[in-house]
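> here is the input, now give the coordinates:
(chains A, B, C and D)
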Protein chains: 2
Amino acid sequence: MNRDQGISVPLPTIRRLPMYFSLLQKAAQENQTAVSSSQLAADLGLEPIQVRKDLEAIGVSGQPRVGFPVAGLIHAIEEFLGWDNVTDAFIIGAGHLGTALAGYQGFENHGLNVVALFDNDPRKVGQTIHGKEVLHIDKLGNLANRLHVHIAILTVPAEVAANAAQLAIEAGIQAIWNFTPTKLAVPEGIILERVDLAASLAVLSSKLAARLRPAEPTVPTQETQA
Amino acid sequence: MNRDQGISVPLPTIRRLPMYFSLLQKAAQENQTAVSSSQLAADLGLEPIQVRKDLEAIGVSGQPRVGFPVAGLIHAIEEFLGWDNVTDAFIIGAGHLGTALAGYQGFENHGLNVVALFDNDPRKVGQTIHGKEVLHIDKLGNLANRLHVHIAILTVPAEVAANAAQLAIEAGIQAIWNFTPTKLAVPEGIILERVDLAASLAVLSSKLAARLRPAEPTVPTQETQA
DNA sequence: ATAAAGTTGTGAAAAAAATCACAACAATGC
DNA sequence: GCATTGTTGTGATTTTTTTCACAACTTTAT
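A predicted model of the protein is given here:
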């Protein structure tokens, strides 16, 4: 239906794009020019048809008996996600999590450039973490405006998350990547994405719990299942 | 169909359980004994009917005109996720991410007890992080077996992720919570759950890219955060 | 008692996502 | 040239998840 670029790309597809992306970059490094949906699917544990549907969604066509163009795919994903134009970001909260993220090399490939970190702890202000300065949170508003930074990566303790988010919004931030366990209430128009560790842990826990659970037949009668 | 406890609880439901859980704990602290689906829904930005379906899935019934029992819900979620019996876990990789996780208080409520950290860096071995010892990775096999630790939290650099996972599996670990950007290949029977930062970033990026893109119609704006 | 109001629970419907079946097609081998 | 084979692309189908509509029910007010 949608001939051009994705008029409406399903959310699960968007979530899978980075996996393709990383695989494609590896393929490009090995000078592979084309890759088939079955190849990608095998590497990622998906179905080939799902890969084809995903790639169709972002508007890339393949060639029968050959596959999809590696360079074309990389370009299409980068453009769709805006990873071709690097966006500046601030990290708010220079604790261990903030520090870990500041040092994460992968962001360069993902259109993200961490400009600086912010904290309210005087002992941290002035330090340099992975080549980035730690500034006092009071400077946030001034700098975000002046440098046109669009993204705030929120890695503060839960208790001050709402406060920090408020500051970021007042500073003109457009998108908040929320690593705290707090559900933020933001005004219309602010893009919000939360990394929900608890949700992920719940999936793992439920599987483990199901396995460790004895095997409880409900009532001692015959098969109630099936 | 499934009368008893969740023979088959939808994955999206499982992911939402922690949100209910945290809200319910707050309610319990305020001595609330019952809570309605509309209340929960409003607090989380969901639809009441979805909340009711979720709670039905884990086998809890409410009372018309009253709501659902707070204590009963907490108990049911804890039992379903195995968060009532605390499970021991190792953190493999004592870098900033591992350190951040070792200090995360929330795990106590989530059935997770971090016993120790492991690393191969001699400078880190012997340190104490948030009250937990950092041990050399060589001791992993021995200890996991002896202490019956089931969960490995993987926070090593991507390059050594596969290796570390292999060690954990040989040590008898049953579940791996993978924080690295690596797709691990594990034998049948090993529970695997990955925290995929890139996927999360992709959702945020695509929204931001859609907004910054000239006239093009937008990407579906669906609540991922809620 | 009776009415009113707010809530649950259920079967059906709709929407979204994944998968299937197969036609069209292009590279390769003969 | 011609058959063979591995691949894409598409419309239909199935499965999963969300949402709707409304009956049943229980507390509160009158």
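
> can you point out the buried residues in stretch A:167-178?
Within stretch A:167-178, the residues that qualify as buried are A:167, A:168, A:169, A:171, A:173, A:174, A:175, A:176, A:177, A:178, counting by 16 or more other CB atoms under 10 Å in any protein chain shown. Backbone N, C-alpha and C define where each C-beta goes, glycine included.

> and of the residues you listed, the nearest to residue A:158?
residue A:178 (10.5 Å; CB to CB).

> distance check, that closest one against residue A:192.
As judged by CB to CB, to the nearest Å, residue A:178 and residue A:192 stand 7 Å apart.

> now the buried residues of stretch A:167-178 in a markdown table, with pLDDT and secondary structure?
Converted to a markdown table, the buried residues of stretch A:167-178 look like this (pLDDT from 0 to 100; DSSP: H, G, I helix; E, B strand; the rest coil):
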| residue | pLDDT | secondary structure |
| --- | --- | --- |
| A:167 | 97 | helix |
| A:168 | 98 | helix |
| A:169 | 97 | helix |
| A:171 | 96 | coil |
| A:173 | 97 | coil |
| A:174 | 97 | coil |
| A:175 | 98 | strand |
| A:176 | 98 | strand |
| A:177 | 98 | strand |
| A:178 | 98 | strand |
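
> quick one: which of those is nearest DNA strand D?
For the buried residues of stretch A:167-178, the closest approach to DNA strand D (CB to the nearest atom of the strand) belongs to residue A:178, at 19.7 Å.

> let me see the contact set for the closest one.
A:154, A:161, A:165, A:184, A:192, A:193, A:194, A:195, B:225 (CB atoms under 8 Å, 6 or more residues apart in numbering or on different chains).

> for the least confident helix or strand in chain A by mean pLDDT, C-alpha coordinates in PDB please.
In chain A, the helix or strand scored least confidently by mean pLDDT, DSSP states H and E is helix A:140-147, which has a mean of 94. Provided in PDB are the C-alpha atoms of helix A:140-147 (Å, rounded to 0.1, in the frame of the first residue of the first chain):
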ATOM      1  CA  LEU A 140      20.800  23.000  31.900                       C
ATOM      2  CA  GLY A 141      18.300  25.500  30.700                       C
ATOM      3  CA  ASN A 142      20.800  27.900  29.400                       C
ATOM      4  CA  LEU A 143      22.800  25.300  27.500                       C
ATOM      5  CA  ALA A 144      19.900  23.300  26.000                       C
ATOM      6  CA  ASN A 145      18.500  26.400  24.500                       C
ATOM      7  CA  ARG A 146      21.800  27.700  23.200                       C
ATOM      8  CA  LEU A 147      23.000  24.500  21.700                       C
END
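
> tell me the buried residues in the top helix by length along chain A?
Ranked by residue count, the top helix of chain A under DSSP state H comes out as helix A:11-29. For helix A:11-29, burial by neighbour count (16+ other CB under 10 Å) applies to A:13-24, A:27.

> so can I have CSV of these showing distance to DNA strand D and pLDDT?
Shown next, in CSV, are the buried residues of helix A:11-29 (distance: CB to the nearest atom of the strand, whole Å; pLDDT from 0 to 100):
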residue, distance to DNA strand D, pLDDT
A:13, 13, 98
A:14, 16, 98
A:15, 14, 98
A:16, 15, 98
A:17, 16, 98
A:18, 19, 98
A:19, 16, 98
A:20, 12, 98
A:21, 17, 98
A:22, 18, 96
A:23, 13, 97
A:24, 13, 98
A:27, 13, 97
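
> so what's the gap between stretch A:64-77 and the chain middle?
In terms of CA atoms, centre = their mean, to the nearest Å, the centre of stretch A:64-77 is set 22 Å apart from its chain centre.

> may I have stretch A:184-193 exported as PDB, CA atoms only?
Provided in PDB are the C-alpha atoms of stretch A:184-193 (Å, rounded to 0.1, in the frame of the first residue of the first chain):
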ATOM      1  CA  LEU A 184       6.600  10.600  33.900                       C
ATOM      2  CA  ALA A 185       3.700  12.900  33.100                       C
ATOM      3  CA  VAL A 186       4.700  15.200  30.300                       C
ATOM      4  CA  PRO A 187       2.900  17.800  28.300                       C
ATOM      5  CA  GLU A 188       1.500  16.900  24.900                       C
ATOM      6  CA  GLY A 189       4.300  17.000  22.300                       C
ATOM      7  CA  ILE A 190       7.100  15.800  24.400                       C
ATOM      8  CA  ILE A 191       8.400  12.500  23.100                       C
ATOM      9  CA  LEU A 192       8.900   9.900  25.800                       C
ATOM     10  CA  GLU A 193      10.500   6.600  25.800                       C
END
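
> export the longest helix of chain A to PDB, keeping only CA atoms.
Output of helix A:11-29 as PDB, limited to C-alpha atoms (Å, rounded to 0.1, in the frame of the first residue of the first chain):
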ATOM      1  CA  LEU A  11       6.100  -0.500  16.200                       C
ATOM      2  CA  PRO A  12       7.400  -4.100  16.500                       C
ATOM      3  CA  THR A  13       9.100  -3.500  13.100                       C
ATOM      4  CA  ILE A  14      10.800  -0.400  14.400                       C
ATOM      5  CA  ARG A  15      12.100  -2.300  17.400                       C
ATOM      6  CA  ARG A  16      13.600  -4.900  15.100                       C
ATOM      7  CA  LEU A  17      15.300  -2.400  12.800                       C
ATOM      8  CA  PRO A  18      18.400  -2.000  15.000                       C
ATOM      9  CA  MET A  19      19.100  -5.700  14.800                       C
ATOM     10  CA  TYR A  20      19.000  -5.600  11.100                       C
ATOM     11  CA  PHE A  21      21.200  -2.500  11.200                       C
ATOM     12  CA  SER A  22      23.900  -4.100  13.200                       C
ATOM     13  CA  LEU A  23      24.000  -7.200  11.100                       C
ATOM     14  CA  LEU A  24      24.100  -5.100   7.900                       C
ATOM     15  CA  GLN A  25      27.000  -3.100   9.100                       C
ATOM     16  CA  LYS A  26      28.900  -6.300   9.700                       C
ATOM     17  CA  ALA A  27      28.000  -7.500   6.200                       C
ATOM     18  CA  ALA A  28      29.100  -4.200   4.700                       C
ATOM     19  CA  GLN A  29      32.500  -4.400   6.400                       C
END
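
> which residues touch that helix?
For helix A:11-29, contacts defined as CB under 8 Å, 6+ apart pick out A:35, A:40, A:43-44, A:46, A:51, A:53-55, A:57-58, A:70-71, A:73-74, A:77-78, A:80-81, A:83, A:109-110, B:181, B:183, B:196, B:198-199, B:201-203, B:206, B:219-220, B:222, B:224.

> is chain B contacted by the lengthiest strand in chain A?
In chain A, with assignment by DSSP state E, the single longest strand is strand A:112-119. Yes: using CB under 8 Å from any CB of the partner chain, strand A:112-119 comes into contact with chain B via residue A:112.

> buried sites along the one helix or strand residue A:211 maps to?
Here residue A:211 sits within helix A:197-212, counting by DSSP states H and E. By 16+ other CB under 10 Å, the buried positions in helix A:197-212 come out as A:197-210.
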